[in-house]
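In: Sharing a model prediction with you, sequence too.
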Amino acid sequence: MALLPQAFYRRDALTVAHDLIGTLLVRDEVVLRVTEVEAYRVGDTASHCRAGKTARNAPMWGPPGRAYIYLCYGLHQMLNLVTDEDGVGAAVLVRAAELVSGEATVLERRRWTRPLSPALLTGPGRVAQALGLDTTMNDHPLYRRGGLELHAAPAPRPLAVGPRIGIDYASPEDRQAPWRVAVAESRWVA
DNA sequence: AGAAGGATTCTCT
DNA sequence: GAGAATCCTTCTT
């Protein structure tokens, strides 16, 4: 499988967001196909970087192709992939995925008892939990072998776009911006 | 030092 | 659909 190079991430977050759909998140035996993402772009009033560099969002300002993971609502880990040039704050949030392999490990990490359904992996906290991620994985490079990796795969079509979720604090323009991207026909979408 | 709020999820009804 | 869980980050005093 082809590891995506760092150059893949060194572009505008919205461009990366579109190209991210269909790629494979890989950690050991667990493989997830990305089905839904949101772009948080440079100068974005919805972005964690809107108030400048802080201890929490520092990974977003670093080199592209690395992980930015943060704790939301005190309990959910959120996985972002850092984009754009080194030194500017931008990233793409992974919101949903489809199970490709590693079912046993994912079920265990998610403490899933019900019959298999898209709810297993639709939602950013669920994806991160399925991959066993937490903030100690911050700055982890996804373009190198080892730990969490991102692999190229055929791009599903068509895609659907819409406004992002849970950003009421952003400017009206940014709230409406269609920077959420998903596989149009997948059931593995929130 | 204290307070507010958050890129959510789960379990009910 | 509503409410609880839960704690870090950030902003204010």
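Out: Yes, it's here. Please read these numbers as outputs of a predicted model, since none were measured by experiment. Numbers count the residues shown, from 1 in each chain, chains lettered A, B, ... in the order given.
In: residue ranges with poor pLDDT in chain A?
Out: Scanning chain A for pLDDT under 70 picks out A:185, A:187-188, A:190.
In: now do 90
Out: Low-confidence segments of chain A, defined by pLDDT under 90: A:1, A:51, A:113-115, A:168, A:184-190.
In: Give me the most central residue, it.
Out: With distances taken as C-alpha atoms, centre = their mean, the residue of chain A nearest its centroid is residue A:94 (2.1 Å).
In: Could you check how far that residue is from residue A:53?
Out: Separation of residue A:94 from residue A:53 (C-beta to C-beta, to the nearest Å): 22 Å. For glycine as for every other residue, the C-beta is placed from the backbone atoms N, C-alpha and C.
In: What helix or strand is the residue nearest to the centre of chain A located in?
Out: Assigned by DSSP states H and E, residue A:94 belongs to strand A:91-101.
In: after that strand, next one along is what?
Out: Using DSSP H and E, the next helix or strand after strand A:91-101 towards the C-terminus is helix A:103-110.
In: pull the CA atoms of the next helix or strand after that following helix into PDB?
Out: Moving toward the C-terminus from helix A:103-110, the next helix or strand (DSSP H and E) is helix A:124-130. Taking C-alpha atoms only, helix A:124-130 is exported to PDB below (Å, rounded to 0.1, in the frame of the first residue of the first chain):
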ATOM      1  CA  PRO A 124     -15.000  12.200  15.200                       C
ATOM      2  CA  GLY A 125     -14.800  10.800  18.700                       C
ATOM      3  CA  ARG A 126     -15.700   7.400  17.500                       C
ATOM      4  CA  VAL A 127     -13.000   7.300  14.800                       C
ATOM      5  CA  ALA A 128     -10.300   8.400  17.200                       C
ATOM      6  CA  GLN A 129     -11.400   5.800  19.800                       C
ATOM      7  CA  ALA A 130     -11.400   3.000  17.100                       C
END
